[in-house]
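Chemist: need a 3D model of the sequence below.
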Amino acid sequence: MYKKPFKYHTVKRLVKSFFLSGLLITGIYSCKNEPAIDKSNPFFSDYNTPFNVPPFEKIMAKHYMPAFEKGMAEGRSNLEKILKSKEEPTFANTVEPLDNMDPLLTKVTFVFFAQTSANTNDSLQNIEVEISPKLSEYQDEILLNQSLFKRIKSIYENQAKFNLDDEQKFILENLYKNFVRNGALLSTAEQDSLKKLNQEISVLTVNFSQNVLSETNKFKLVIDNETDLKGLPENAIAGAAELAKEDSLDGKWVFTTQKPSMLPFLTYDENSKLRTELYDAYLTRGNHNDQFDNKKILADIVSLRAKRAKLLGYKSHADLNLENRMSKKPENVFALLNQLWTPALRVAGEELKEMQKIADREGTKSKITPSDWWYYAEKLRKEKYNLDDNELRPYFKLENVREGAFAVANKLYGITFTPVTGIPLPHPDAMAFEVKEADGSHLGLLYMDFYARASKGQGAWCGGYRDHQWLNGKEITPVVSIVCNFNRPSGETPSLLSLDDVNTLFHEFGHGLQSLFSVNKYSTTFAAMDMIELPSQIMEHWATEPEVMKMYAKHYKTGEVMPDALIGKIQKSRYFNTGFDNVELLAASMLDMAYYTLEDPVNIDIEKFEKDYLSKIGLIKEIEPRYKSTYFLHIVGGYDAGYYCYTWAAVLDNDAFEAFKEKGIFDKATAESFRNNVLAPMGITDAEQSYLKFRGHEPVIEPLLKNRGLMQGVGKN
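Modeler: Reported below is the predicted structural model:
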């Protein structure tokens, strides 16, 4: 992925697509049909592992469906107990047992969706297709359960007499509204229609995602002529040779549409035809009119979601999704995106003119195309700042960057990260770290899985295998997972990151910190989606601070700290390619909103709609949106009418980092306030109020405009 990759598709949030915003859905199977317990199934007993993590090496594909079925059956049985109560509905006898009525289903759901995201196979994909409509069906059975809604409504209307604390009040209010927003007030016939729509959408989104993975793995650019590698750095060539060996193509070189493989090729390879071939393969994923084609699938998803929104009483799917976020309505989203769009296009146009001059001087006799952008942008960076990616990578050894992120967290919050051995791992590539508070008390466990592979989805994300909560008076600490797609070590050369990769690692680490710092008592949480990226994006600010870079940017051969002169070049080039970065991000964000502001009935041709809309907003032909429709995973599985959230959160993170700059980037009091007011209570307090408590005022956009070089006169070096 790019700088802002598939982060939100964390396992945690993937799981919560089958949750009631944290309330795990429960079974659709009767206890009478409960299968005999297979004692060899790891999900049917305590894990008995260090930190109670899943025994990954013992879990096989055959274990998932029985665990799903038993977990759902137990959940339904517990729900019946809640509903049979003759006592007056209270938070204690309704909401609390509802919050934890299916621990077995929680166990299997966390593991299954983490594995299908990061280590899938044909068996898991088949199970995913089978289980998704069943999970959707029972989610509806809960959300549309009139007896349950009646109890929750009673508690909501009489809450004043229950002496609820702030977290309970927040959960109750959002729980009630969530039932209403998901059809609790519809007629029986309307609810039947809603159930059918939900099941159809659940299957289509799985099909879309699996098609993208298949398409990504299908294409390989095989090079057998060494002259076609001209311009590529040694590490990129070595990595391509390793990929070729894996495919029994010794003596050749393989490049794929995975970003760690593709971007170096687009940036350095001198063969423009091959650059075009590779980039076109990336752009056309899911658009080949074959079994993996996603055009009709996406068109159906957009249409069904518009129909669903209308059924629920909303103008569009975007209106439905945005109602409980900071943005509130589509008009506010478009206002922000449009405020940035015009200056971003202006800056991108200036970048294009400068690059075209270089191309003209080289005698290419052709105009720059989208597949040329990285190639000439790198030449421009070298020309303007005497800086190129190859000069930086030796200082960004993966392990050093990781330790740099740990060191930043230690200086801010006092927490420590200790490697853990002899513990089950979700994949052999993964590593485990115990996270402790400054006083040595256990905070949580962190898995990190960095390398690209065919079984892993695109991009990077933060998820987990267990969320924080309190259960029966005992604190349950989180098990967090950070997943990326970085290049593997090759021969004697370790994994060396690009500056973009460095930001990605810090970004996902920010998500991880938020999960580790959570203080919620219940598993039910309601985080405002447009604030979710604040913890991650603010961490990127530390990644390139000179003081921080001296902590981790050390040459992998000599151990030499990155020279001040080189750090200075990075600072001077901070506006480099910012027009491109903003335009591709904003174009994708607006395309997402364009799809989901359509009103029922919707009948669109995906290719035509995308082409017409991008032309309407004035996207220049030399830049493609960050994601084209047929592989835009965010907008089918979690970020539908939500890709703008990266930009909304950018206003917050740029403004928030000003607080650190005002008092010092490692100021303890500021860090403590950020942890206590923003990170720890996320999902159990109002997002706007949380930010106000930290910052003391509403966020302002000027720091974002300045840091992205979008203010008139900013970015002129």
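Chemist: and the helices in the stretch 301-450 of the chain?
Modeler: Counting by DSSP state H, counting those that start in this stretch, the stretch 301-450 of the chain has these helices, from start to end: 317-322, 330-361, 373-385, 389-392, 398-413.
Chemist: count the residues that sit near residue 688.
Modeler: When neighbours are counted by other Cβ atoms under 10 Å, residue 688 registers 13. The C-beta positions use only the backbone N, C-alpha and C, and glycine is treated the same way.
Chemist: local confidence estimate at it?
Modeler: Looking at residue 688, its pLDDT is 97.
Chemist: check residue 479 too.
Modeler: 98.
Chemist: that one reaches residue 444, doesn't it?
Modeler: Yes. Counting by Cβ atoms under 8 Å, residue 479 does reach residue 444; the two are 6.7 Å apart.
Chemist: how close does residue 225 get to residue 253?
Modeler: 9 Å (Cβ to Cβ, to the nearest Å).
Chemist: between the two, which is the more surrounded one?
Modeler: residue 253 (24 against 9).
Chemist: most tightly packed of the helices of the stretch 301-450 of the chain?
Modeler: Neighbour counts (mean count of other Cβ atoms under 10 Å) averaged over each of the helices of the stretch 301-450 of the chain peak at helix 317-322, with a mean of 24.
Chemist: same for that one, what does it pack against?
Modeler: Packing partners of helix 317-322 (3 or more Cβ pairs under 8 Å, 6 or more residues apart in numbering; DSSP states H and E): helix 295-311, helix 330-361, helix 578-596.
Chemist: which elements pack onto the longest one?
Modeler: Contacting helix 330-361 under the criterion 3+ Cβ pairs under 8 Å, 6+ apart are the following elements: helix 317-322, helix 373-385, helix 578-596, helix 645-663.
Chemist: out of those, which gets nearest to residue 498?
Modeler: Nearest to residue 498, of all those, is helix 373-385, at 10.9 Å by Cβ to Cβ.
Chemist: contacts made by that closest one with the rest, please.
Modeler: 263, 266-269, 272, 275, 351, 354-356, 358-359, 368, 387-389, 569, 572-573, 576-577, 580, 622-623, 717 (Cβ atoms under 8 Å, 6 or more residues apart in numbering).
Chemist: let's go with 6 Å and repeat that
Modeler: Helix 373-385 has contacts (Cβ atoms under 6 Å, 6 or more residues apart in numbering) with 266-267, 354-355, 358-359, 368, 387-388, 569, 572-573, 576-577.
Chemist: and those residues, which of them are buried?
Modeler: 266, 267, 355, 358, 359, 368, 387, 388, 569, 573, 576, 577 (16 or more other Cβ atoms under 10 Å).
Chemist: adding distance to residue 58 and pLDDT, write those residues out as a markdown table.
Modeler: Formatted as a markdown table, the buried ones among the contacts of helix 373-385 follow (distance: Cβ to Cβ, whole Å; pLDDT from 0 to 100):
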| residue | distance to residue 58 | pLDDT |
| --- | --- | --- |
| 266 | 42 | 98 |
| 267 | 43 | 97 |
| 355 | 54 | 98 |
| 358 | 57 | 97 |
| 359 | 57 | 97 |
| 368 | 54 | 97 |
| 387 | 49 | 94 |
| 388 | 48 | 87 |
| 569 | 51 | 96 |
| 573 | 50 | 95 |
| 576 | 49 | 95 |
| 577 | 47 | 96 |
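Chemist: which residues of this protein fall in strands?
Modeler: Under the criterion DSSP state E, strands of the chain are mapped to 19-20, 23-24, 221-223, 253-255, 416-420, 431-436, 442-451, 461-466, 469-471, 474-476, 479-486.
Chemist: thanks a lot, see you next time.
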